[in-house]
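**Q** based on what follows, work out the 3D shape:
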Amino acid sequence: MGVRLQDVAELAGVSMKTVSNVVRGYEHVSASTRERVQRAIDELDYRPNLMGRRLATGRTGLLALAFANVALPYFAELSRAVSAAAGEAGYRVLLEETDGTLEGERAVLTSSESGMVDGILFQPSAMSSAEISRHRSDLPMVILGEGAAPLPVDRVMIDNFDAARTATAHLVSLGRRRIGFAGHETQEMSSTSLQRIAGYQQALEDAGLRPDPLLLFPSREISPSGAVEGVGGALDAGADFDGLVCRDDLAAIGALRALHERGRRIPDDVAVTGWDDIELSRVTFPSLTTIAPDLHELARRAVEMLIERISGFSEAGRHELVGYRLAVRESAPSPR
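**A** Next comes the predicted model:
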């Protein structure tokens, strides 16, 4: 037989009601009692019955986090930030990969996790706002990132246009005048790429520089190897540039490889910026100057908004921005 609520209560020396309050995250439990109950839960490896909890409280205590690919470092770090924010609010997080496909994203919205979760944090890659509106259920939802988001749905993101302009302006301040953009899709571009390219182009125009379509270096796939191929092919074809804004840190890592292989010095010959400030960006050679979104604030606010929806908040969708900074490192150091 599985471990029962009664078993936890007997080991902790408390009532079953107290154990239930701890499991549900009820705040009016003393710290010492909560600690004693948690020790008993850990010792017995107690797992609350989700269906029983839903029948008793109307909630499961689980949130879903759905995105394209957990193997991508940004999403791995986002998952940790969301799990931490949810844990502080008494929730646990169920990860759901969509592979960035229309079918995968539709499945997430239409299944509603079969009643297992109380709400969903969703970062779309393929679905349009109309698709999301058409397929979403009554399950509370918050959209993450710069992808499509219907106006009635809450969304949390950074200002991608402004951040791209900031990264590009930094390269201009270093005296770079032939600045390229690398790592975007070869065909139908995502809203992420479109916004970042728009900010890049605006910064060039602000500096009196003409955006050159020959300095856009797409990737066959959004990956380091895709950027090696894209940037390397451009260099082999004679592309002339002294600065490079990369769509993300993975593209920047690929660009560093392509430049190194062709004898380009970084930052002397080409200054490079990335995006996301993933852990790897701090240990590349040279280390990456990169846009660092406030990931913890994004996660905290998204979880907070979702719990408000779960608790009955029903007003119009809130579309909010969180901050970012330019983490300046060796690939594009500040002017001396």
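**Q** looking at the helix or strand containing residue 19 now, give me its mean pLDDT.
**A** Using DSSP states H and E, residue 19 maps to helix 16-23. Averaged across helix 16-23, the pLDDT comes to 82.
**Q** also stretch 261-280?
**A** pLDDT averaged over stretch 261-280 gives 98.
**Q** can you give me the buried ones in that stretch?
**A** Within stretch 261-280, the residues that count as buried by 16 or more other C-beta atoms under 10 Å are 264, 266-267, 270-278, 280. C-beta coordinates here come from the backbone N, C-alpha and C atoms, glycine included.
**Q** can you pull out the strands in the stretch 101-250 of the chain?
**A** Secondary structure of the stretch 101-250 of the chain by DSSP state E, counting those that start in this stretch: the strands cover 119-122, 141-144, 154-157, 179-185, 216-219, 243-246.
**Q** how distant is the last one from the center of its chain?
**A** Spelled out, that is strand 243-246. 21 Å (C-alpha atoms, centre = their mean, to the nearest Å).
**Q** render the CA-only coordinates of stretch 316-332 in PDB, please.
**A** The C-alpha trace of stretch 316-332 is given here as PDB (Å, rounded to 0.1, in the frame of the first residue of the first chain):
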ATOM      1  CA  ALA A 316      -8.500  42.200 -19.200                       C
ATOM      2  CA  GLY A 317      -5.200  40.700 -20.200                       C
ATOM      3  CA  ARG A 318      -2.100  42.300 -18.700                       C
ATOM      4  CA  HIS A 319       0.900  42.700 -21.000                       C
ATOM      5  CA  GLU A 320       4.000  43.500 -18.900                       C
ATOM      6  CA  LEU A 321       7.700  44.100 -19.500                       C
ATOM      7  CA  VAL A 322      10.500  43.100 -17.200                       C
ATOM      8  CA  GLY A 323      14.000  44.500 -17.300                       C
ATOM      9  CA  TYR A 324      17.200  43.500 -19.000                       C
ATOM     10  CA  ARG A 325      20.800  44.700 -19.000                       C
ATOM     11  CA  LEU A 326      23.800  44.400 -21.300                       C
ATOM     12  CA  ALA A 327      26.300  42.200 -19.700                       C
ATOM     13  CA  VAL A 328      29.600  43.500 -21.100                       C
ATOM     14  CA  ARG A 329      32.400  41.000 -21.400                       C
ATOM     15  CA  GLU A 330      35.400  40.200 -23.600                       C
ATOM     16  CA  SER A 331      33.800  39.800 -27.000                       C
ATOM     17  CA  ALA A 332      32.800  43.400 -27.000                       C
END
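**Q** so for it, mean pLDDT?
**A** 97.
**Q** average pLDDT for the helix or strand hosting residue 36?
**A** Using DSSP H and E, residue 36 falls within helix 31-44. The average of the pLDDT scores along helix 31-44 is 90.
**Q** coming back round to it: out of the buried residues of stretch 261-280, who's nearest residue 195?
**A** Comparing the buried residues of stretch 261-280 against residue 195 with C-beta to C-beta places residue 275 closest, at 11.3 Å.
**Q** how far does stretch 211-225 stretch from one end to the other?
**A** Using C-alpha to C-alpha, to the nearest Å, the end-to-end distance of stretch 211-225 comes to 26 Å.
**Q** touching, residue 64 and residue 93? I think so.
**A** Yes - Residue 64 is in contact with residue 93 according to C-beta atoms under 8 Å; the separation is 7.4 Å.
**Q** helices along the stretch 151-300 of the chain, start to end?
**A** Taking DSSP state H, counting those that start in this stretch, the helices of the stretch 151-300 of the chain run over residues 160-173, 191-206, 224-236, 249-261, 295-310.
**Q** below-threshold pLDDT in the stretch 101-250 of the chain: ranges please.
**A** 112-115 (pLDDT under 70).
**Q** confirm that residue 94 sits in a strand.
**A** Yes - according to DSSP: H, G, I helix; E, B strand; the rest coil, residue 94 belongs to a strand.
**Q** please name the residues that touch it.
**A** 62-65, 113, 116-117 (C-beta atoms under 8 Å, 6 or more residues apart in numbering).
**Q** repeat for residue 7
**A** Residue 7 neighbours (C-beta under 8 Å, 6+ apart): 44, 46.
**Q** how about residue 300?
**A** By C-beta under 8 Å, 6+ apart, the neighbours of residue 300 are residue 85.
**Q** how's the protein carved up into domains?
**A** 5-48, 62-158+294-322, 160-293 (automatic domain parsing).
**Q** who wins on neighbours among the contacts of residue 94?
**A** The most crowded member of the contacts of residue 94, judged by other C-beta atoms under 10 Å, is residue 63 (27 neighbours).
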